[in-house]
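Asker: next one to model:
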Amino acid sequence: LTTQIKDLKGELVLASGGVTLKELQAGGETSFSEPFVVNSKGDTILIKKEDDLNTPSEIMIQKKKGLDLKNDIVAYRDFLISFLDKESPLSDNIQKQLDTSDPKINLKEGGEKKSWESQNFENKPLIAVITLLSKIQVDIENAETNIISSLYSQIDAASFKFNKLGARILTKSTYVMEGDKFEAEIFLAAEDTTKQPEIYV
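Answerer: Take a look at the predicted model:
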């Protein structure tokens, strides 16, 4: 999904007149000051029209790339949440992180109903759309990290934690008579010195 977004950024920039670094260097230029994006193939593409309003609307709305992205985010979000319990607070967190719900109707703006994709990509400058797509990439990676951390913590959730090892000797008797055998269990014991047990007698 993040690779798909990376390529989508490259497509937007190229469609708005962006130039690849290879083309620039082939033309004899060795330095550049424009902002740039890098696609999944590793091509650096320079942004030539940061304030382009038409290209994002054409690709994301008319060609429905925004709707495709929304559907893919929803599918990925549902996939992540499927690993969690329904009552898990992390589930709500991921829902908010990867929220693609349509915005509420704003009466101040005429009460027009907007979709998630039109709210984010229609009539927005190219540089703002690139920034938003980068934010979505980060949100996706953060959601993935949270899920992996949650799953990892469940692996050893039932195991005992300890921070100290020590030799222990358990004798069968508290005294030894001359000529008797001395018997004891000698073993390595694990301790957690950070927690004090509660002992009930």
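Asker: what is the worst-scoring helix or strand of the chain on mean pLDDT packed up against?
Answerer: Within the chain, no helix or strand scores below helix 21-26, which has a mean of 83 by mean pLDDT, DSSP states H and E. With contacts taken as 3 or more C-beta pairs under 8 Å, 6 or more residues apart in numbering; DSSP states H and E, helix 21-26 sits against strand 44-46. C-betas here are computed from N, CA, C, even on glycine.
Asker: which parts of this structure are strands?
Answerer: Listed in chain order, the strands of the chain (DSSP state E) span 19-20, 36-38, 44-46, 164-171, 184-191.
Asker: paired strands for the first one, with orientation please.
Answerer: Partner strands for strand 19-20, per DSSP bridges, with pairing direction: strand 44-46 (antiparallel).
Asker: buried ones in the top helix by length along the chain?
Answerer: Looking across the chain with DSSP state H, the single longest helix is helix 126-155. For helix 126-155, the neighbour count (16 or more other C-beta atoms under 10 Å) marks 126-127, 129-130, 133, 136-137, 139-140, 143, 146-147, 150 as buried.
Asker: contact partners of the least confident helix or strand of the chain?
Answerer: Helix 21-26 has contacts (C-beta atoms under 8 Å, 6 or more residues apart in numbering) with Phe32, Phe36, Asp43, Thr44, Ile45, Leu46.
Asker: mind doing that once more with 6 Å?
Answerer: Identification of contacts with helix 21-26 by C-beta atoms under 6 Å, 6 or more residues apart in numbering yields Thr44.
Asker: again, but for stretch 95-115
Answerer: By C-beta under 6 Å, 6+ apart, the residues outside stretch 95-115 that reach it are Lys70, Ile73, Val74, Arg77, Trp116, Gln119, Asp139, Ala143.
Asker: okay, the strands of the chain in TSV with mean pLDDT and distance to Leu1 next?
Answerer: Formatted as TSV, the strands of the chain follow (pLDDT from 0 to 100; distance: least, C-beta to C-beta, whole Å):
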stretch	mean pLDDT	distance to Leu1
strand 19-20	88	24
strand 36-38	88	17
strand 44-46	88	20
strand 164-171	90	44
strand 184-191	90	42
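Asker: out of these, which is closest to Glu178?
Answerer: Glu178 sits nearest to strand 164-171 of all those, at 16.4 Å, using C-beta to C-beta.
Asker: pull the contacting residues for the nearest residue to Tyr76 once chain neighbours are set aside.
Answerer: In this structure, Tyr76 finds its nearest non-sequential neighbour in Leu1, 5.3 Å apart by C-beta to C-beta, 6 or more residues apart in numbering. Taking C-beta under 6 Å, 6+ apart, we find Leu1 in contact with Asp72, Tyr76, Ile140.
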